[in-house]
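>>> generate coordinates for the sequence data below:
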Amino acid sequence: MALLWAAGILWLAYDVAGPDDTQSNGETNVTDVSGAPVTDADQKALQEALNSIGTVACAT
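This is a model prediction of the structure:
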């Protein structure tokens, strides 16, 4: 009986955490919070904004 219980637990874990049946390419399906596709210009602007964070001097 314990083997059946363990098999059920393993099946449930695989069913929940296993791969889904859809195949997608993450880079072609990138969208922003509004659902609009993210362009190369958007990615570059984000990268520049993140890079500029470290260059801002603290006011003392």
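
>>> which parts of the helix ranked longest in the chain are buried?
Across the chain, the longest stretch assigned as helix under DSSP state H is helix 2-17. Residues of helix 2-17 include none that count as buried (16 or more other Cβ atoms under 10 Å). Bear in mind the C-beta positions are built from the backbone N, C-alpha and C, glycine included.

>>> 625 is where my numbering starts, stick with that
Sure thing, new numbering starts at 625, so read that last one as helix 626-641.

>>> so where's the protein uncertain?
The model of the chain has pLDDT under 70 over residues 644-653, 679-684.

>>> could I get the full set of helices for it?
Using DSSP H, helices in the chain cover 626-641, 664-677.

>>> output stretch 633-646 as CSV, restricted to C-alpha atoms.
Extracted C-alpha coordinates of stretch 633-646, given in CSV (Å, rounded to 0.1, in the frame of the first residue of the first chain):
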residue,chain,number,x,y,z
ILE,A,633,2.8,11.4,-4.7
LEU,A,634,5.4,11.1,-7.4
TRP,A,635,2.8,11.3,-10.2
LEU,A,636,1.2,14.4,-8.6
ALA,A,637,4.6,16.1,-8.2
TYR,A,638,5.4,15.4,-11.9
ASP,A,639,2.0,16.6,-13.0
VAL,A,640,2.3,19.8,-11.1
ALA,A,641,6.0,20.7,-11.7
GLY,A,642,6.6,18.8,-14.9
PRO,A,643,7.0,20.4,-18.3
ASP,A,644,3.8,21.6,-20.0
ASP,A,645,2.8,20.6,-23.5
THR,A,646,3.2,23.9,-25.1
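
>>> name the residues that touch that stretch?
Taking contacts as Cβ atoms under 8 Å, 6 or more residues apart in numbering, no residue outside stretch 633-646 touches it.

>>> circling back: mind putting the helices of the chain into JSON lines with distance to Val657?
Below are the helices of the chain laid out as JSON lines (distance: least, Cβ to Cβ, whole Å):
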{"stretch": "helix 626-641", "distance to Val657": "26"}
{"stretch": "helix 664-677", "distance to Val657": "12"}
